[in-house]
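A.B. asks: structure for this input, please:
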Amino acid sequence: MTTATGPMPLVLLLSGPNLNLLGERDPEIYGRASLDEHVRVAEATAAELGLVIEHHQSNHEGDLVDLIHRARGRASAIVINAGAFTHYAWSLHDALATFDGPVIELHLSNPSAREAWRSTSVIAPVATGVVAGFRGVGYRLAVEAVADLLRNGSDARR
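C.D. replies: Next up, the predicted model:
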């Protein structure tokens, strides 16, 4: 997408395993909104802030790695809700480490307040920041954080 001042920055929004079941799976933890509803919030927020969202969901780790690789040099930022991959998918860690731009780790619930195994994130060490525990509001907060980071030229990961 292009504006009078040039192309709008692209934000890659990635959703990991089982997020396609949002609204049906554990609504007491994740809420009743579907993934499509969360993506619409992200898209609307992005449009207000002069950004464009490209969303992909996959239950397969390698697909997400490929999407991150293809984002290099094309996307300005990545927002990733890696689901359970957050806790053990070192291939996502390595792929995100090669991305030159802000990376926001996103969770609907607060992983640290849940089972002990959810307290470890292999994504966090290569993320600029983490938005967790705000349910669907987190999608808006993550996009707002990206817009601020891009506007101020900041990526505190390194």
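A.B. asks: low pLDDT regions in this structure?
C.D. replies: Within the chain, the stretches with pLDDT under 70 are 1-6, 27, 31, 110-119, 154-158.
A.B. asks: quick one, helices of it?
C.D. replies: Along the chain, counting by DSSP state H, helices occupy 27-30, 35-48, 61-71, 90-97, 137-152.
A.B. asks: what sits against residue 25?
C.D. replies: For residue 25, the contacting residues are residue 18, by Cβ atoms under 8 Å, 6 or more residues apart in numbering. Using the backbone N, CA and C atoms, a C-beta is placed for each residue, glycine as well.
A.B. asks: quick one, phi psi at it?
C.D. replies: Backbone torsions of residue 25, given as degrees, to the nearest 10, read phi -90, psi 120.
A.B. asks: on that earlier part again, packed most tightly, which of the helices of the chain would that be?
C.D. replies: helix 137-152 (a mean of 20; mean count of other Cβ atoms under 10 Å).
A.B. asks: does anything pack onto that helix? Which helices or strands?
C.D. replies: helix 35-48, strand 77-81, strand 103-107, strand 129-132 (3 or more Cβ pairs under 8 Å, 6 or more residues apart in numbering; DSSP states H and E).
A.B. asks: ok, which of the ones you listed comes nearest residue 151?
C.D. replies: strand 77-81 (11.3 Å; Cβ to Cβ).
A.B. asks: could you list the residues in contact with the closest one?
C.D. replies: 9, 11-16, 19, 42, 64, 68, 71, 92, 96, 99, 101-108, 123, 139, 142-143, 146, 149-150.
A.B. asks: cool, stretch 57-76 as well?
C.D. replies: Against stretch 57-76 from outside (Cβ under 8 Å, 6+ apart): 9-12, 14-20, 35, 51, 54, 56, 78, 80, 82, 85, 89, 91-92, 95-96, 98-102, 146, 150.
A.B. asks: apply 6 Å and report the result again.
C.D. replies: 9-10, 12, 14-15, 17, 19-20, 56, 85, 89, 91, 95-96, 99, 101, 150 (Cβ atoms under 6 Å, 6 or more residues apart in numbering).
A.B. asks: how far is stretch 71-89 from where the chain is centred?
C.D. replies: Centroid separation for stretch 71-89 versus its chain: 6 Å, with Cα atoms, centre = their mean, to the nearest Å.
A.B. asks: straight-line length of it, end to end?
C.D. replies: Stretch 71-89 stretches 18 Å from its first residue to its last (Cα to Cα, to the nearest Å).
A.B. asks: for it, buried residues please.
C.D. replies: 71, 75-83, 85-87, 89 (16 or more other Cβ atoms under 10 Å).
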